[in-house]
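Whatever this is, show me its structure:
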Amino acid sequence: ESYKIIVAEAAKNALGTDNIYERVFIVEPLLDGDRIAGAVGFSTREEKIYVFKAKAVLACMGGAVGVFKPRSTGEGLGRSWYPPFSTGSSTYFTLKAGAEQTCQEIRFIPVRFKDG
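Residues are numbered from 1 along each chain as shown. Down below sits the predicted model:
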């Protein structure tokens, strides 16, 4: 949590403020044959649609919440440590782009849960 500000400041200095887009929800990869050539998304604050063209794309998205039954019981049942808006976008985006999906049986089980 504390390094986000440091990384964001370094990115802003390296790219310039004109090349940084915040609060854009990416919904679809742009494909050029068998490779990703960019992405399409929309602004979460304005009525804008963005089309990004790129030579390379790095998918850094959240996992999926609520896929498995939690091992916590009682008060902790149903509480997720991941945010509820992690809807499996990384799986969709990479599958759509043709990535091989391996090791899908791996689960992340935190040793604690939020607000418990």
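
Distance of the residue lying closest to Val40 once chain neighbours are set aside relative to Ala8?
Among residues not flanking Val40 along the chain, Glu28 sits closest, at 4.6 Å (CB to CB, 6 or more residues apart in numbering). Every C-beta, even on glycine, is put in place using the N, C-alpha and C of the backbone. According to CB to CB, to the nearest Å, Glu28 stands 25 Å off from Ala8.

rewinding a little: A helix includes the residue nearest to Val40, no?
No - counting by DSSP: H, G, I helix; E, B strand; the rest coil, Glu28 is not part of a helix but strand.

Longest helix in this protein, please.
Counting by DSSP state H, the longest helix found in the chain is helix 3-15.

which other residues reach that helix?
Defining contact as CB atoms under 8 Å, 6 or more residues apart in numbering, one finds that helix 3-15 is touched by Ile20.

buried sites along it?
Residues of helix 3-15 classed as buried: none (neighbour count, 16 or more other CB atoms under 10 Å).

now stretch 19-39
Buried, per 16+ other CB under 10 Å, within stretch 19-39: Val24, Ile26, Pro29, Leu30, Ile36, Gly38, Ala39.

Which two of the residues you listed have the greatest separation?
Largest separation among these by CB to CB: Val24 and Ile36, giving 16.4 Å.

Distance check, Thr44 against Cys60.
Distance from Thr44 to Cys60, counting by CB to CB: 17 Å.

who has more neighbours, these two?
Using other CB atoms under 10 Å, the more surrounded residue of Thr44 and Cys60 is Thr44, with 10 against 6.

Just want the phi and psi numbers for the more buried one.
For Thr44, the backbone dihedrals (degrees, to the nearest 10) come out as phi -90, psi -10.

How far does stretch 41-52 stretch from one end to the other?
One end of stretch 41-52 sits 8 Å from the other (CA to CA, to the nearest Å).

Which positions within that stretch qualify as buried?
In terms of neighbour count (16+ other CB under 10 Å), stretch 41-52 has its buried residues at Gly41.
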